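Q: Take this sequence and fold it.
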Amino acid sequence: MRILVRRVHLLLGLSLGLLFAVLGLTGSALVFYSDIDTALHPTVQVTRNSPASGGTVLAWDRALATGHARWNDAGGKWSFELTGEPGPIPARYYPMPGGHGVRLMVWFSTDGKRILRAEPWGGYLMSWVYQLHMQLLAGATGGQVVGWSGVGMLLLLVSGLLTWWPRGSWKKALAFKRDAAPIRRFRDLHKLSGLASMPLLFILVATGVLLALPAVTQTLLAPSTIPAPTSSDTRGKRISIVQALAVGRRALPEGRIVFVDVPTSGTAPIRVRVQVPGDPHERFPGSYVFIDSLSGRVLAIHDVRRANTGSAVARWIRTLHDGTVGGTTTRVIALLLGFVPALLFATGVLHWLRRRRSPHAS
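A: Reported below is the predicted structural model:
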């Protein structure tokens, strides 16, 4: 059985190891991807005297008007991020319903009157790295490859643990022989780095699988359905973003608004995304307020605190995967952890190659 497990581990390592290394390294780069992207683009960097993003109540609606003057697809949608921090107003423009893959990333000046930067998602470095990490630059098909390969990577980790599991002295099994032959040092470095990172690496890979395979996640967790209401009419004057934000705050007064999604036209409501107490992800929380875009009436509320157990579990997936669960400390840990698959792949291949040249080496 041990020989069989070892062969399975070797086969999985040789077939998935390089992909595992690429996903780990790109994942490390994405831990602080917003900060890196800002550093690469001086036009959206924050200066000492920069006012808060959307510092005046009219800035959001000015930004919407500025965006409409340049892009105004009939089926489009604007999504504004409320960072609460100094700097430009970040937004996303979706030219058509469900057009997640073709979204345009836009940064407005703090008063909403100027467009500082506008680039398609995937058209600049950090978004390219994001698409490589999530979908191997191959769209939905690539996402499926990443997800199901992740299942193989989980088996790779488990088979590695079973292959190492000592039959005798634990002290010997955990030893690193500095003066040993190179092949032994490669093996020791491989096993010890794998053992040290195993629990956290398993969490990262498992949550990555769930993110890459949303249909599987839905089946496993069966989270509460998010409402999809429509506005009652398409005629008349639409409410402003400022009014929508006020309605959202009244609907979930203890929450913090993070995004507001404004449809260009049609019956789609305005959607306010809110982080309520107990929701672990600060940037992508799971509670929503749906507002009639004409009357300003609340059409539906999705509060994760009142959702089922599946929703409670699902809201931890992203924050565990990107390392934001414990703030800066866990993000740094996640960054460092992303280098481990490359180390495991390199030491594993080197050990395998040396064993092929010297079959009797340990």
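Q: Can you get me the start-to-end distance on stretch 219-237?
A: Start and end residues of stretch 219-237 are separated by 41 Å (Cα to Cα, to the nearest Å).
Q: Which residues does it contact?
A: 210, 265-269, 288, 290, 292-295, 299-302, 307-308, 310-311, 313-314 (Cβ atoms under 8 Å, 6 or more residues apart in numbering). Glycine gets a C-beta too; all of them are placed from N, C-alpha and C.
Q: Now the helix or strand hosting Leu201: average pLDDT?
A: Applying DSSP states H and E as the criterion places Leu201 in helix 182-212. Confidence for helix 182-212, expressed as mean pLDDT, is 94.
Q: between the following helix or strand past that helix and helix 182-212, how many degrees?
A: Next along the chain after helix 182-212, taking DSSP H and E as the criterion, comes helix 214-221. On the basis of axes from the mean of the first three to the mean of the last three Cα atoms, to 10 degrees, helix 214-221 is oriented at 80 degrees to helix 182-212.
Q: If you count neighbours, what's buried in helix 214-221?
A: Thr217, Leu221 (16 or more other Cβ atoms under 10 Å).
Q: Ok, stretch 118-130 next?
A: For stretch 118-130, the neighbour count (16+ other Cβ under 10 Å) marks Trp121, Gly122, Met126, Ser127, Val129, Tyr130 as buried.
Q: Can you lay out these as TSV showing distance to Ser224, secondary structure and pLDDT?
A: Below are these laid out as TSV (distance: Cβ to Cβ, whole Å; DSSP: H, G, I helix; E, B strand; the rest coil; pLDDT from 0 to 100):
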residue	distance to Ser224	secondary structure	pLDDT
Trp121	28	coil	93
Gly122	31	coil	93
Met126	32	helix	97
Ser127	31	helix	96
Val129	33	helix	98
Tyr130	28	helix	97
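Q: so which of the residues you listed comes closest to Phe186?
A: Among the buried residues of stretch 118-130, Val129 lies closest to Phe186 (Cβ to Cβ), at 29.4 Å.
Q: Mind giving me the ChimeraX command for buried ones among the contacts of stretch 219-237?
A: Only the buried entries of these go into this ChimeraX selection, using 16+ other Cβ under 10 Å:
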select :210,268,269,288,290,292,293,294,299,301,302,307,311,314
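Q: Can you give me the distance of the spatially closest residue to Ile239 that is not a sequence neighbour to Gly255?
A: Among residues not flanking Ile239 along the chain, Gly296 sits closest, at 4.6 Å (Cβ to Cβ, 6 or more residues apart in numbering). Noted for Gly296: a distance of 18 Å to Gly255, by Cβ to Cβ, to the nearest Å.
Q: picking up where we left off before, for the residue nearest to Ile239, which three-state class applies?
A: Secondary structure, DSSP: H, G, I helix; E, B strand; the rest coil: Gly296 is coil.
Q: which regions of the chain sit below the pLDDT cut-off?
A: Low-confidence segments of the chain (pLDDT under 70): 47-57, 97-101, 233-234, 359-362.
Q: Let me see the ranges of the strands in it.
A: With strands called from DSSP state E, the chain shows them at 77-81, 89-94, 104-108, 115-120, 256-263, 270-275, 287-291, 298-302.
Q: could I get the ones you listed as JSON lines with distance to Thr163?
A: Compiled in JSON lines, the strands of the chain are given as follows (distance: least, Cβ to Cβ, whole Å):
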{"stretch": "strand 77-81", "distance to Thr163": "46"}
{"stretch": "strand 89-94", "distance to Thr163": "46"}
{"stretch": "strand 104-108", "distance to Thr163": "45"}
{"stretch": "strand 115-120", "distance to Thr163": "45"}
{"stretch": "strand 256-263", "distance to Thr163": "44"}
{"stretch": "strand 270-275", "distance to Thr163": "43"}
{"stretch": "strand 287-291", "distance to Thr163": "44"}
{"stretch": "strand 298-302", "distance to Thr163": "45"}
